[in-house]
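**Q** Show me how the following folds:
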Amino acid sequence: MAKEITKIRNKKLDVQKRKLFIDLVSPQYLESIKHTIKDAIRNKNVIEFYYDGYNRIAEPHVHGISNGQYEILTYQIDGGSKSGGIPDWRRIKAFEIADLRVTDRKFKGRRPFPSGKHSPFDEIFDIVDP
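**A** Sure, this is the predicted structure:
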């Protein structure tokens, strides 16, 4: 299913078609991502994934619902990004992730945020221990 999502994501779809696709595919796909991220957070494993045109390597810190969307707050430590330098914080829309995998690489735990707190979520599923 991830490969189909990657193919659809790479096409220029209008907003209505993209939303319909996400509504149809997301329940099973997002449950798979949710389970994988939960395990990575609880075990403090680094994750690798494809997002927004780049392969990324990151520490997952928080996942939950924000403004009705399932999102993951990560600290990206390697890979590419359009939005700036690495390492840095990234907020990832879960339905846009492809090729997610948990690595054997561990991280120490929660990193301090520049503001001193996590960016707001409406509902938090898991947050990494300090």
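
**Q** low-confidence ranges in this structure?
**A** 1-26, 114-119 (pLDDT under 70).

**Q** repeat that with 50
**A** In the predicted model of the chain, residues 1-3, 5-13 satisfy pLDDT under 50.

**Q** for it, what spans make up the strands?
**A** 45-51, 54-66, 69-79, 88-93, 98-106, 123-127 (DSSP state E).

**Q** Compare those strands and give me the one nearest residue 39.
**A** Nearest to residue 39, of all the strands of the chain, is strand 98-106, at 6.5 Å by Cβ to Cβ. Placement of C-beta: from N, CA and C, glycine included.

**Q** Buried ones in the closest one, by neighbour count?
**A** Neighbour-count burial for strand 98-106, counted by 16 or more other Cβ atoms under 10 Å, picks out 98, 100, 102.

**Q** what's the answer for stretch 30-41, then?
**A** Under the neighbour-count criterion of 16+ other Cβ under 10 Å, stretch 30-41 has 30, 33-34, 36-37, 40-41 buried.

**Q** would you turn the residues you listed into a markdown table with distance to residue 52?
**A** Shown next, in a markdown table, are these (distance: Cβ to Cβ, whole Å):
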| residue | distance to residue 52 |
| --- | --- |
| 30 | 17 |
| 33 | 15 |
| 34 | 20 |
| 36 | 19 |
| 37 | 17 |
| 40 | 19 |
| 41 | 21 |
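
**Q** Can you tell me which of those residues is closest to residue 90?
**A** After measuring the buried residues of stretch 30-41 against residue 90 - Cβ to Cβ - the closest member comes out as residue 37, at 13.5 Å.

**Q** residues near the closest residue to that closest one other than its chain neighbours, how many?
**A** Nearest non-adjacent residue to residue 37, counting by Cβ to Cβ, 6 or more residues apart in numbering: residue 63, 4.8 Å away. Neighbour count of residue 63, defined by other Cβ atoms under 10 Å: 27.

**Q** so residue 63 touches residue 39, yeah?
**A** No - applying Cβ atoms under 8 Å, one finds residue 63 not in contact with residue 39, separated by 11.1 Å.

**Q** sorry, back to before: for the strands of the chain, give me TSV that also has distance to residue 112.
**A** Shown next, in TSV, are the strands of the chain (distance: least, Cβ to Cβ, whole Å):
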stretch	distance to residue 112
strand 45-51	18
strand 54-66	11
strand 69-79	10
strand 88-93	11
strand 98-106	19
strand 123-127	14
